[in-house]
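what follows is a protein structure lacking sequence information:
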């Protein structure tokens, strides 16, 4: 009797483990083909929704489906959308909380795709983007703190503002050859980011001394968040972009060459371990239109070193005058 019960139980377990739906669901993994955009939610059972960790998507989706992934698949760690198409959608049920219809263009990963005002995404670790997309919307991966790697498809031409900002685990990023536009603060607040890899055929961007710059090497767009110790900005740089060094918390000293003529808002915000800044301009860069350039820096302990004879000018200049200790 006991033996019969044992084999009956074993048989039941085997049958459960061998059960497969048409979508190949197995051990938290699933493949879904979406025939009609906006219907992804109908392809999941409640149990799948709450337990799925790896998902492969094919077919066509829109901003409504992205919202469903973000808000409902709370255990998802790996998302493969390589063979997926994203269609246009206009309405109130997309990734943005608006209260009015929002247009979401085709071939674009929607703004706020994996970030909402309600929560951060702390589970998604690996994502493979659709090869068909040409644009990545603003804040698409904002505060996705667990993402370790991401590859931007070759067809992408534009990346929005703060797109990868706050991706705490992101270690590297590759900028493909067709990207022509990168929004401000796109890679800010990524403390493990060690480098940018830029396709040498890209006509708009380059990697200069590990930092992301425009092709000419005159605008410093972003310093990798993992940069540590003393850092000297290359002397070809004339412009330091929005959030360029935002939350580079491992920097202890930075040298700004005399070639720099413009520094934008929040350029050095929350570089909280800086103990010295060397500014080589005799006339301080005008910061009157740039806010929070040095916000979050201890201006009592961080020493500002300036050229001989220019101390008074710095003491009277917006932004610079906030430093208590200015030395020539």
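Perfect, I can see it now. Keep in mind the model is a prediction, meaning the values are calculated, not measured.

so where's the stretch 101-250 of the chain uncertain?
The model of the stretch 101-250 of the chain has pLDDT under 70 over residues 118-119.

do that again at 80, thanks
Within the stretch 101-250 of the chain, the ranges that satisfy pLDDT under 80 run 116-120.

count residues in the vicinity of residue 71, would you?
The tally of other residues near residue 71 (other Cβ atoms under 10 Å) stands at 14. (Glycine included, C-beta is placed from N, CA and C.)

just checking, what packs against the helix or strand it falls within?
For residue 71, the host element (DSSP states H and E) is helix 63-72. Using 3 or more Cβ pairs under 8 Å, 6 or more residues apart in numbering; DSSP states H and E as the contact definition, the elements that helix 63-72 packs against are strand 89-91.

mind doing that once more with 6 Å?
Helix 63-72 is packed against no helix or strand, with contacts defined by 3 or more Cβ pairs under 6 Å, 6 or more residues apart in numbering; DSSP states H and E.

of all residues in this structure, which one is nearest the centre?
When the chain is reduced to its mean C-alpha position, the nearest residue by Cα atoms, centre = their mean turns out to be residue 164, at 0.6 Å.

shouldn't it be within a helix?
No: with DSSP: H, G, I helix; E, B strand; the rest coil as the criterion, residue 164 is assigned coil and is not in a helix.

contacts only, for it.
Residues near residue 164 by Cβ atoms under 6 Å, 6 or more residues apart in numbering: 141, 187.

what lines up beside the helix or strand following the helix holding residue 71 in the sheet?
On the C-terminal side of helix 63-72, the closest following helix or strand by DSSP H and E is strand 78-80. Sheet pairing for strand 78-80, assigned by DSSP bridges, gives strand 54-61 (parallel), strand 126-128 (parallel).

wait, isn't residue 143 in contact with residue 120?
Yes: the pair residue 143 and residue 120 passes the contact test of Cβ atoms under 6 Å, sitting 4.2 Å apart.

the two - which one has more neighbours?
residue 143 (19 against 15).

please name the residues that touch the more buried one.
Taking Cβ under 6 Å, 6+ apart as the criterion, residue 143 is in contact with 115, 120, 166.

tabulate the residues you listed (JSON lines), appending distance to residue 203.
Putting the contacts of residue 143 into JSON lines (distance: Cβ to Cβ, whole Å) gives the following:
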{"residue": "115", "distance to residue 203": "30"}
{"residue": "120", "distance to residue 203": "35"}
{"residue": "166", "distance to residue 203": "29"}
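
and the angle from the helix holding residue 71 to strand 54-61?
If you take axes from the mean of the first three to the mean of the last three Cα atoms, to 10 degrees, helix 63-72 sits at 160 degrees to strand 54-61.
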